[in-house]
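Colleague: generate a structure from the sequence data that follows.
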Amino acid sequence: MKITPFRIDVSQTVLDDLRDRLARTRFPESPEGWSAGTDSAFMKRLTKHWLEAYDWRRHESALNAHPQFVADVNGTPIHFVHVRGRGPNPTPLLLIHAFPDSFHRFVGAIGPLTDPAAHGGDPALSFDVIIPSLPGFGFSGHTAMSVDATADTLAALMKGLGYERYLAGGGDGPIPMAMSHRHAESVAGIYCVDVGYPDGNTDFASLGPEEREFAQWIHAWWMREGAFNMIQSTKPSSLAFALNDSPVGLAAWLMILFASGAEDRVEERFTLDSLITNAMIYWVSGTIGSAMRSYLESARAMYASPAAPPRGRSDVPAAVARMPLDAPLPRAWAERRVNLVQFTEMARGGHHSSWEVPDLFAKDLRDFLVTLRRRSR
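Modeller: Coordinates of the predicted model:
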């Protein structure tokens, strides 16, 4: 596997063009609030901040403070951050982002994970951290992949880096769960904040009371806020024309999920600078189209084998964190979906825990590592 050092270096021409587009934004007429989509008052505030206060060069420099590389993984360029842990025998940890975030989701947790002694933790619980941009996202190649294809690509990346056994996850469940099935010999454990949702393959008669409440909550959430998934799983290219042309349109689309479930607490959970940096990664790389098409690739992969039996539970040990500002995930549902060895009800934060509460996220991962080591004795 060929690996090349990488630094982000966005041309001034791209930044000048961005500024011009931001200044010429034509805001739509829309009702105030978040009930019909992204709040126009919030977007006007974010746009003003983007134009008058945000400094990409400062954030670009901060991102470049972490060692980055691009690997050729079976013909697909995969960008990744790779930071070695400080302490005896660091554990390899593959951190996997999702949509609408990016590798930026994990940057705040790199210090606590790689150097726990400097953050009040045990140096024996440090990690080698590998944070890829998923295929089709950010500074990786513009190749949209299904969940399973992405899982295979990330497993090949880890093998190419020389890691035979590692932990995987850090956020959304689908890709680490796929890796726990398809690459169980290499994945020593997965860490997730969700484990999928009740769907057409679920035996609802077997659900307990808490699981039935959860299923009802998820059904209502899909009906209220699931349009992004339907569009991206069917006709993402139509939307990509608009989002690849308007930075404010792009940011507004990404905000649907960052605000979901706690619209009145968006700026308590995320700074405007960090939300803009995440949007900038999509904008300067021009990958919103391929990122959205990853949903279509997963849908096509699923519909290609409609008679395939639902995937069972992997034996790979799993930790699941229930976040207070996320879906009300019951422990029983997590036990049904993964080989649960740790279930944490976190005190603060939402779906993007590594971004919102990086110290709590890192501590929970260290606790998971302790649990796994005890089990292996």
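Colleague: ranges for the helices of the stretch 251-377 of the chain?
Modeller: Counting by DSSP state H, counting those that start in this stretch, the segments of the stretch 251-377 of the chain that form helices are 266-269, 272-285, 288-303, 331-337, 353-356, 358-376.
Colleague: among those helices, which is nearest residue 259?
Modeller: When the helices of the stretch 251-377 of the chain are compared by Cβ to Cβ, helix 266-269 sits nearest residue 259, at 5.0 Å. Glycine gets a C-beta too; all of them are placed from N, C-alpha and C.
Colleague: render the CA-only coordinates of that closest one in PDB, please.
Modeller: Provided in PDB are the C-alpha atoms of helix 266-269 (Å, rounded to 0.1, in the frame of the first residue of the first chain):
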ATOM      1  CA  VAL A 266     -27.200  24.100  18.700                       C
ATOM      2  CA  GLU A 267     -24.700  26.800  19.700                       C
ATOM      3  CA  GLU A 268     -24.400  25.300  23.200                       C
ATOM      4  CA  ARG A 269     -23.200  22.100  21.600                       C
END
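Colleague: contact partners of it?
Modeller: With Cβ atoms under 8 Å, 6 or more residues apart in numbering as the contact definition, helix 266-269 has outside contacts at 42, 255, 258-259, 262, 325, 349-350, 352, 356.
Colleague: likewise for stretch 248-261?
Modeller: Contacts of stretch 248-261 (Cβ under 8 Å, 6+ apart): 21-22, 25, 27, 34, 37-39, 42-43, 46-47, 50, 99-100, 221, 225, 228, 239, 242-244, 266, 269-270, 275-276, 278-279, 282-283, 288, 325-327, 350-352.
Colleague: buried ones only from these, please, as a PyMOL command.
Modeller: The buried residues among the contacts of stretch 248-261 can be selected in PyMOL (16 or more other Cβ atoms under 10 Å) with this line:
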select buried, resi 22+25+34+37+38+39+42+43+46+47+50+99+100+225+228+239+243+244+266+269+270+275+276+278+279+282+283+288+325+326+327+350+351+352
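Colleague: picking that back up, would a markdown table of the contacts of helix 266-269 with distance to residue 362 be doable?
Modeller: A markdown table is the format used below for these (distance: Cβ to Cβ, whole Å):
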| residue | distance to residue 362 |
| --- | --- |
| 42 | 29 |
| 255 | 26 |
| 258 | 21 |
| 259 | 25 |
| 262 | 22 |
| 325 | 19 |
| 349 | 12 |
| 350 | 17 |
| 352 | 14 |
| 356 | 13 |
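Colleague: relative to residue 5, which of the residues you listed is nearest.
Modeller: residue 352 (28.2 Å).
Colleague: for the closest one, give me its contacts.
Modeller: Contacts of residue 352 (Cβ under 8 Å, 6+ apart): 101, 105, 171, 258, 269-270.
Colleague: including pLDDT and distance to residue 370, could these go into a markdown table?
Modeller: A markdown table is the format used below for the contacts of residue 352 (pLDDT from 0 to 100; distance: Cβ to Cβ, whole Å):
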| residue | pLDDT | distance to residue 370 |
| --- | --- | --- |
| 101 | 97 | 27 |
| 105 | 97 | 24 |
| 171 | 95 | 21 |
| 258 | 93 | 32 |
| 269 | 94 | 28 |
| 270 | 95 | 30 |
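Colleague: if I look at residue 245, how far off is residue 289?
Modeller: 11 Å (Cβ to Cβ, to the nearest Å).
Colleague: repeat that for residue 340.
Modeller: 37 Å.
Colleague: please apply the same query to residue 259.
Modeller: 23 Å.
Colleague: which one of those two has more residues nearby?
Modeller: The neighbour count for residue 259 versus residue 289, taken as other Cβ atoms under 10 Å, is higher for residue 259 (21 against 18).
Colleague: just the pLDDT for that one.
Modeller: On pLDDT, residue 259 comes in at 91.
Colleague: so what's residue 337 up against?
Modeller: Residue 337 touches 173, 177, 195-196, 313, counting by Cβ under 8 Å, 6+ apart.
Colleague: mind pulling up the pLDDT for it?
Modeller: In this model, residue 337 carries a pLDDT of 96.
Colleague: and the one 4 residues further on, by the same measure?
Modeller: Each residue has a pLDDT score; the one for residue 341 is 98.
Colleague: list the beta-bridge partners for the residue nearest to it when sequence neighbours are not counted.
Modeller: Spatial nearest neighbour of residue 341, chain neighbours left out: residue 317 (4.5 Å); criterion: Cβ to Cβ, 6 or more residues apart in numbering. Under DSSP bridges, the beta-bridge partners of residue 317 are residue 339.
Colleague: all set, thanks.
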